[in-house]
Each structure stands twice: as C-alpha cells, then as structure tokens.
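Q: quick one, what's the 3D model for this:
(2 chains)
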Amino acid sequence: MHPKEPNAPARRKPKSGLFRLREDIPSGLYNALGFIIPAVLVFLWWLVTYLGLVKPLFLPSPVAVLSEGWRQVTEGILLADASVSFYRITIGWLAATVVAVPIGILMGNFRIFEGSLGPLISTMRYMPVVALIPLSILWAGIGDAQKILILFLGTFFQQALMIMDNVKNIDMNLIRAGQTLGFSNSEILRRVILPAASPGIWDTFRITIGWTWTYLVVAELVAASDGLGRRIMDAQRYLATDTILFGTLFIGVLGLLTDYAFNKSGLKLFRWNSDKR
Amino acid sequence: MTNNVTTPRIKVDAVGKIFGRGPQAVQAIKRIDLDVHENEFVSIVGTSGCGKSTLLNMIGGLDEPTSGDILIDGVPVDGPGRNRGFVFQSYSLFEWMTVQGNIRFALEKSNFGKAEKDELVAHFVQAVGLSGFENAYPKQLSGGMRQRVAIARALVYKPSILLMDEPFGALDAQTRGMMQELLLKVWEDHKVTVLFVTHDVDEAIFLADRVVVLCSRPGLVKRSIDIELERPRNFDVVTTARFGEYKRDIMADIREETLKVMAMETQNEN
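A: From the prediction side, this is the model:
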C-alpha cells in the first residue's frame, strides 16, 4: 500500500532476547529453568563435598543426606515423624483459620470491628512466637496442645488481617447491586460478599499454611519426643548435619506440596474466576 | 409543559448534599430540583465533580441527601428499593454466577412463580442478545456483553425506574455505539423511566427525551433541554442538523462550566 520511500530507514527489527521488560520467553525454557537452577546448586554442593573442600561435619554430601533419608524411611521414623507433624500443622492451622475467617470477615465489613480489633491484631502479629514458648508450656502443658498453640499463634494474626483485606478488596458496587435488588445485609454478607471474596480467602489459606509449616520447628523446639522439627533439633545436639539437612529439605518439599494442592484445588473450586471457557 | 394532574415518577425537591463535616465539608450539590415523568428518558450531563453520580445514588437510595426530598411516585425514598433498577459503570456482576444465574438472582425477591421466572430470564437473555451465553460466567464475556447482563439484571424484576451511572463509560467507542442502540431498543420494548448519567454529550442526546445539564461545584441544574428527535432513533440521527444544534448548545454550557471550575482551581492554588 505504501510505496517505500527511497530514503526511508529500514524497518526496525523486532528486538529479540530473554531480557525484555515483562515480555514472555519460550515456555519450555521458563519451566526448565525452574529445575536447572536447583540442579546446578545440587551439583555444586556435590562437587564441593566430592573434592573434599569442606568437612562432612560442616556440609555432608548429597548422597549422605539421601541415604540418611532412606534410613529414616526404612526404619519407619520418617512416616511416624511426618504424620505427627502433619497432624499438628493441620490442627494448628485449622484452629487459626476457624477463628481468623469470621474475625477477618467482620473486620473487613464493619468499621466497628476493624476499629476495635485492628490495632491489637496488627501489634500482636509482630510478636516473636519463639519468645512465648515458656509461657505456652505453662498454659498448655508439654503435650500436643502446646505445639498447636504455637502454630496457632504463628498463623492466626497474619491470617485475620489478610482475610480482612480479601473482604475489603471486593467491589463496593457488588454490595450496592445486592442492596438495589432488595437483599438484606445478612443475605448480602452470605450470598454476595463471601462468594466474591472466596478466591482471595483461598489464596490466603494457601499462603498461611505455608507459614504454619515454617513454624513447625519452633513448635517442636521444646518438650517434644517426635515430629519432623523435633528430629532436626535432636540432630543439632549430636551435630548430625545430614539429618538436619534432610529434615529441612523434607519440610520444604512438604510445604511445596501443600501449596500445590491448594493452588490446584483453588482453580477447580473457583472455575468461574478463570477467563477461559 | 408541566402536568399538574399526575405526580412525577421521580421528584427531586430542593436536594442538597454535603460530604463531610466542619472545615473539611464539601458541598457536592447546592440545590437540585428535577421532575422526571413516567417512561421519560432523561440524560444528565456535566463536568466531572458536578454531583451527577451523587444525585443518581441518592435517587437509588444508596446515599442520603443532606437537605431536600426525593420522592418516587410521591413517596419519599428510604433506602434502595425494587422499584428502581441500577446499572453501574463497573458492571458489578456476581462473577460466581452464570449469565442466567445473575439475572435470576434479581428475581429472588419477586413474587413470580417458577415458570414465570424461567420465562422472564429467558426473555431478557434474548432481549439483550445473549442467547447461547446463558451458562457462561461473566469473566468469559467481553465488556459489552457483561454490561448487557447488568442491564437484563436491572430490568428483569420490572422496576418502574432504571438508573444508569455512566454504564458505557468503560467500553470502546464501537461497542458503546452498539450498546446505545441496544438500550434504546430494549427501552422501546419495555418502557421504563430512565435516568442516565454520562459525560458523553452525543450519547446523552442520542438516547434521551431530555438532557439536563448540571452546573459544577456545587451542583445546580444549569439547563434542561427537550430533545425533539423522532423515535425510534437509529444512529443516523447524529448526523442531522438538529442533533448538531443540540450538541453545540450543550457543549457550550459544559465548556462554560469547565472554564469556571478551572478558574476556581487556579484561584485556590494562589
């Protein structure tokens, strides 16, 4: 259509490269990188130990860590530890959630609740949970209740504030639409605000259960005889660095799996939230 | 002009609105008087900040006037009610419900039987041109289609008044044109009183029987212009000389207001 002017500059070639701002890169590469980087790190780890640059006490080899894992599997320790820790996390997180959901929803919808609870919860969330271990033992003894209490304290405050935000983030006009259609406040709460906020709340669940996992070692720090965190603490006493590393990595993997499960089920539960048909 | 025998469908009687208190108080609307009659289509235009959305919210019962009264069929407004349907610029659909579900939700507080409700939903899905999308979720639809769901949802329970707050403001120009024609068609088929807030002068004239221009800061009615263009209208009408005259008058009014606001703003800064 446009005859080319003789002196027109040659058409700019579209820039290619992997470092364009916000631009996509090939999806195969994107996915592969997620494996390549950890693989490189493991290789370096193996190389350092293989060449004997570091004493095994300071950094055991990947093989030693894996065989420690295998020992725990065959002796049945791992399953026992994992199930007791999993139980504590589930109960601790559920307890926090059962309280945080209603409180977060009330705070997100009613200024009176936000005003009365907001400052308190915002302060409490900065409190160092580790420092409360002695008190938690005085209050809850040395059984599972104490571990669950620590997990609860580590999770609840953040979660309540996040759920408040999830609720606040919904479009005010949704509530107004409900009002113009003649629904009462409690109906709007149940049938408009809750479903509208639910994908956000589910995402909060996913993030907070990750935090509960990170509090596991703190929860099993004192007065525990079993659990993944306990195993790590015991190993510190004997400088069993292979056990420490294996335990830490294993908790990481379990946390990742929980995250994945929440993510996938969220996509299934809230199919309406996707723009694909 | 004014008919003293029938009460107006909407009567805005000396309504003023002040936001906030004390030194921070802002007078959004000084005093607005406005009568809208049964099945009239009235557009409200004005510069941003002239209080046109505030006025609509107050008529919808979503906000309360500081002074004056708003009467619907002679009855003072006390909160939202099902005699008024509302369409927001942001669509405000219930995204976890399908197209059908959204429209049906609006019928829940109606006394229609199940068969009647089914029929109404089906009718309005068809009236706004969404046949085949009954079971789609809002996120899967384009902006224009979402707003059609919102229009169907606001009309299905047969309110006598439809309040629209810049409903097509977020749509691209082509879609907006299509939506205006669709709205007129739906309105011809299901007569209701419409109050339509917009800042698009073409849109205001094209749709309305009467265009009300608001003054800025604080809001007042500057002028009310009867639009005597033939109905049913199609988009050709925008090229007629008459349309051009209306547009010139209204634009001049708005320009005057905008200059006033700009002068006020520079004064405040000094």
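Q: just say helix, strand or coil for the residue lying closest to residue A:113 once chain neighbours are set aside.
A: Take residue A:113 and drop its neighbours on the chain: the residue closest to it by C-beta to C-beta, 6 or more residues apart in numbering or on different chains is residue A:106, 4.2 Å away. Yep, even glycine has a C-beta here, placed from its N, CA and C like the rest. At residue A:106 the chain is in helix, as set by DSSP: H, G, I helix; E, B strand; the rest coil.
Q: okay, residue A:106 and chain B: tell me how far apart.
A: 22 Å (C-beta to the nearest C-beta, to the nearest Å).
Q: tally of neighbours for that residue?
A: Using other C-beta atoms under 10 Å in any protein chain shown, residue A:106 has 19 neighbouring residues.
Q: and the gap between residue A:267 and chain B?
A: To chain B, residue A:267 is 13 Å away according to C-beta to the nearest C-beta.
Q: helix or strand for that residue, which one?
A: helix A:241-269 (DSSP states H and E).
Q: what do you get for residue B:16?
A: Using DSSP H and E, residue B:16 falls in strand B:10-19.
Q: for that strand, packing partners?
A: strand B:26-36, helix B:52-60, strand B:67-72 (3 or more C-beta pairs under 8 Å, 6 or more residues apart in numbering or on different chains; DSSP states H and E).
Q: so which of these is nearest residue A:212?
A: Evaluated over these, closeness to residue A:212 peaks at helix B:52-60, with 43.5 Å, by C-beta to C-beta.
Q: does the closest one come close to chain A?
A: Yes: counting by C-beta under 8 Å from any C-beta of the partner chain, chain A is contacted by helix B:52-60 at residue B:60.
Q: quick one on the thing from earlier: would you mind finding the most buried of the helices and strands packed on strand B:10-19?
A: Highest mean neighbour count of the helices and strands packed on strand B:10-19: helix B:52-60, a mean of 23 (counted as mean count of other C-beta atoms under 10 Å in any protein chain shown).
Q: only C-alpha atoms, please: export it in CSV.
A: Written as CSV, here are the backbone C-alpha positions of helix B:52-60 (Å, rounded to 0.1, in the frame of the first residue of the first chain):
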residue,chain,number,x,y,z
LYS,B,52,-24.3,13.8,38.8
SER,B,53,-23.4,10.4,40.2
THR,B,54,-24.2,11.6,43.7
LEU,B,55,-27.6,12.6,42.6
LEU,B,56,-28.2,9.2,41.0
ASN,B,57,-27.0,7.4,44.1
MET,B,58,-29.4,9.4,46.2
ILE,B,59,-32.3,8.6,43.9
GLY,B,60,-31.3,5.0,44.1
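Q: that helix to strand B:26-36, inter-axis angle?
A: 60 degrees (axes from the mean of the first three to the mean of the last three C-alpha atoms, to 10 degrees).
Q: give me the element residue B:116 is part of.
A: Residue B:116 belongs to helix B:114-127 when assigned by DSSP H and E.
Q: could you say what helices and strands that helix packs with?
A: Counting by 3+ C-beta pairs under 8 Å, 6+ apart, helix B:114-127 packs on helix B:99-105, helix B:143-155.
Q: can you give me every residue that contacts the nearest residue to residue B:51 once chain neighbours are set aside?
A: Among residues not flanking residue B:51 along the chain, residue B:219 sits closest, at 3.3 Å (C-beta to C-beta, 6+ apart). Applying C-beta atoms under 8 Å, 6 or more residues apart in numbering or on different chains, we find residue B:219 in contact with B:17, B:28-30, B:32, B:46, B:50-52, B:54-55.
Q: quickly list what residue B:219 is bridged to.
A: Residue B:219 forms beta bridges with residue B:29, as assigned by DSSP bridges.
Q: give the buried residues for the worst-scoring helix or strand of chain A on mean pLDDT.
A: One helix or strand of chain A scores below all others by mean pLDDT, DSSP states H and E: helix A:216-219, with a mean of 88. Judged by neighbour count using 16 or more other C-beta atoms under 10 Å in any protein chain shown, the buried positions of helix A:216-219 are A:216-219.
Q: downstream of it, the next helix or strand is which one?
A: Following helix A:216-219 in sequence, per DSSP H and E, is helix A:228-237.
Q: how close does residue A:205 get to residue A:258?
A: 10 Å (C-beta to C-beta, to the nearest Å).
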